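S.K.: what follows is a predicted protein model with its sequence.
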Amino acid sequence: MGPPGAGKGTQAKALAKRLGLAHISTGDILRQNVAGDTELGRQAKDFMNKGLLVPDELVTRMVAGRIDEPDTKNGFILDGYPRNIAQAEALDAIFKQKGINIDYVINLDTSEAVIIQRLSGRLACEGCNANYHIKNMPPKKDMLCDNCGSQLYQRIDDREETIKKRLDVYRKESALLIQHYREKNKLQQVSADEEAGTVLNKIIDLVK
Ligand code: AMP
């Protein structure tokens, strides 16, 4: 967990690769649906472009389906879900039914100045969803992905007015999850202002 720009996607992708786990990013799955103009994508698009949360039922159904795919059998990392208390409760119910336990909830604790700096320079790959940053993590070739060679783009919701809205939604809804998981003794705090490699090493030490 963490505010927009905390590095959830970057860290979850790297950690999943390192530990051989499936990576489930609700934001990535939703963006793929928008790009593919699916029914789910059409329902989600306006919420996403405005920086609002997509309705809980849609996202929860999507996550429940994704968890059932075979690549999750050795474990998986959820990135960007749950985003509010209702989703956390829905997830508890899904996990209870499937006999799955949450090992850790990692919260990436990030200062506001770092969030703005990261989001305003962020680039995403339209092919494989890899993340880059104009200054902090530039691609080797201008605007092309190092992994798959596809074009990089700036997310519509990374524009300044939408960033403000997303931070607002985070403070009002998602930040409440910190206390929720603290009470369940699942919460691990990692300060995430440093560069990505340093933060990843802290997470790996914790998971060890
Ligand atoms: P992210 O890639 O995690 O920053 O998510 C981008 C956008 O996708 C969010 O601003 C929401 O509009 C939507 N989204 C992603 N995850 C969720 C979720 N768990 N619940 C509702 N909306 C979500």
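M.R.: Yep, that arrived. Treat the numbers as computed from the prediction; the structure is a model and nothing was measured.
S.K.: quick check: residue 47 vs residue 58, distance?
M.R.: Using Cβ to Cβ, to the nearest Å, residue 47 is found at 9 Å from residue 58. In this view, the C-beta of every residue, glycine as well, is placed from N, C-alpha and C.
S.K.: kindly report the same for residue 155.
M.R.: Counting by Cβ to Cβ, the gap from residue 155 to residue 58 is 19 Å.
S.K.: quick one, helices of this structure?
M.R.: For the chain, the helices defined by DSSP state H cover 8-19, 26-35, 39-49, 56-67, 85-98, 112-120, 160-169, 176-183, 196-207.
S.K.: what sits against residue 106?
M.R.: When the contact criterion is Cβ atoms under 8 Å, 6 or more residues apart in numbering, the partners of residue 106 are 1, 11, 188, 190, 203, 206.
S.K.: ok, so of the residues you listed, who is nearest residue 169?
M.R.: residue 1 (13.5 Å; Cβ to Cβ).
S.K.: grab the nearest non-local neighbour of the residue of the chain found nearest the ligand.
M.R.: Nearest residue of the chain to the ligand: residue 27, at 2.0 Å (Cβ to the nearest ligand atom). Excluding the flanking residues, the one nearest residue 27 by Cβ to Cβ, 6 or more residues apart in numbering is residue 80, at 4.7 Å.
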